[in-house]
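The following block contains a protein sequence and its predicted model.
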Amino acid sequence: MSVQLAWDNNQEQYNISDELISLLTQLLEKAAEMEGVDEGEVALTFVDDEEIHELNKEYRGIDRPTDVLSFAMNETLDEELDIVYELEEGESMDVPDVLGDIIISVPTAIAQSEEYGHSVERELGFLFVHGFLHLLGYDHQDETSEAEMMGKQEAVLASVGLTR
C-alpha cells in the first residue's frame, strides 16, 4: 500500500511537529486500509481562520470560517505528465493518484478541542479523517450518512489510540 501525505503549514498559532505528522500519516494509512484505498496522495494544509474563511466563501459561498474543507480530485497526474514531459515509448513515471486536498483551520481546531475536552492532536486527527472520508465521497447530509461517517471516523481514531 502506498498512500502518501504531503503537507504544508500556513499558520503560526500551533507548532506542527514531526510527531503530529507521523500520527496523521498513521491515521491516513488506517483510514485508507479500512476503505480499501491502496494508493494515492493527500495534500494537507494547516491554515488560520482568515484563510479558511476566504476559501469557504469562494468555493462554498459560505461567508464564515469553518474547521475543515476537502477538495476531491478524481483524476490522476499521469495524463498531465504525459503531456508535459512527452515520455518516451515504454517509459513511465511512478506518480500516485492525487486523492485531493484537505485544509484545516488550526485556531478552530484548538477552540473545538477545548470545547469537547480533548487534545488538539485528537481534534486535528478527527478533522483530518473527516476530510479524508469526504475525499472518498462520504457526506453527512442526513442522520444515516452522518452516523455512518461518524462511526468510520471513530474507528480510525480508536485504531491509533485517539479516543476522547
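Right, received. Where do you want to start?

how about Glu39, phi and psi?
phi -150, psi 160 (degrees, to the nearest 10).

Can you give me the distance of it to Ser113?
31 Å (Cβ to Cβ, to the nearest Å). From N, CA and C alone the C-beta is placed, and that goes for glycine too.

quick one: which of the two has more around it?
In this view Glu39 and Ser113 are compared by other Cβ atoms under 10 Å, and Ser113 has more residues nearby, 18 against 13.

Skip the chain neighbours and tell me the closest residue to the more buried one.
The shortest distance from Ser113 to any non-neighbouring residue, by Cβ to Cβ, 6 or more residues apart in numbering, is to Glu123 (3.9 Å).

Could you verify my assumption that the one you found touches Ala111?
No. Using Cβ atoms under 8 Å, Glu123 is not in contact with Ala111, being 9.0 Å away.

Have a look at the two and say which one is more surrounded.
The neighbour comparison of Glu123 against Ala111 (other Cβ under 10 Å) goes to Glu123, with 23 against 15.

Spit out the contact partners of the more buried one.
109-110, 112-113, 116 (Cβ atoms under 8 Å, 6 or more residues apart in numbering).

right, and the helix or strand after the worst-scoring helix or strand of the chain on mean pLDDT?
Sorting the helices and strands of the chain by mean pLDDT, DSSP states H and E puts helix 78-85 at the bottom, at a mean of 42. Following helix 78-85 in sequence order, the next helix or strand is strand 98-105 (DSSP states H and E).

Please name every helix or strand in contact with that next one.
Counting contacts by 3 or more Cβ pairs under 8 Å, 6 or more residues apart in numbering; DSSP states H and E, strand 98-105 packs against strand 39-47, helix 49-60, strand 68-72, helix 120-135.
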